[in-house]
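Trainee: prediction below, plus the sequence it came from.
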Amino acid sequence: MSYTNTLPTPVSGMFDPARIEDMDENSPFSIDSQAELALYKRLAEGKNPIEVFAAARAWRQKAPAEQQREGTAYQRWWLALEWRAIGEDKQFFASKKGWEVDRKRWVKQKDELEAREAASRLEAMRKKEKEPSLRESELIQREQQVAQKEEDLSWREEQFENYCAQRESDFARRDEELAARERQLSSGNQPGYEDDNLLD
């Protein structure tokens, strides 16, 4: 059986966007890379490449409203499939033998993409592991800032207490001076000077 460049009507249900399981919204892998990986997975499984690519290209024939209902992520998924379909269509398979030979390449590409995705997931996990340490660093910095503010406040309180103590000492001294003056006045002994501004 030979395969030509003509893409037939795809098998019903193949690559139904409502049932796609290859898309992972939580994956650090890009949508386009996920689409390419999903494509190679199917080709590596031995799916008929003509039907696979036909399914991708058939999606573009859907009404825009129907495409929109399937969502932007699915739209990009299908566009990526179509892009791959156009690229493969230029060097399409002349025979089942050629298809099997190319399937080895698809398996290799699938494995490489899966390795890249695994590396991306590992990197994402490492970043998440670093987040708590960053939060701890921020907490330590805030604690240091609070400690510095408390130290400044303690210093200000100490300065204020010293000021109050000094003022109390001044008032006590002036009270003694006033009492001494009153005693002199009451005894009839005038002081050698007059100070009307003792409480300036």
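Mentor: Here it is on my side, so go on. The structure presented is a predicted model; accordingly, all values stated were derived computationally and were not measured.

Trainee: residue ranges with poor pLDDT in the chain?
Mentor: The model of the chain has pLDDT under 70 over residues 1-44, 46-103, 106, 131-134, 189-200.

Trainee: which strands and helices lie in contact with the longest helix belonging to it?
Mentor: Identified as the longest helix of the chain according to DSSP state H is helix 96-187. Packing partners of helix 96-187 (3 or more Cβ pairs under 8 Å, 6 or more residues apart in numbering; DSSP states H and E): helix 31-44. Quick note: C-beta positions are derived from backbone N, CA and C, even for glycine.

Trainee: ok, now with 10 Å
Mentor: helix 31-44, helix 49-59 (3 or more Cβ pairs under 10 Å, 6 or more residues apart in numbering; DSSP states H and E).
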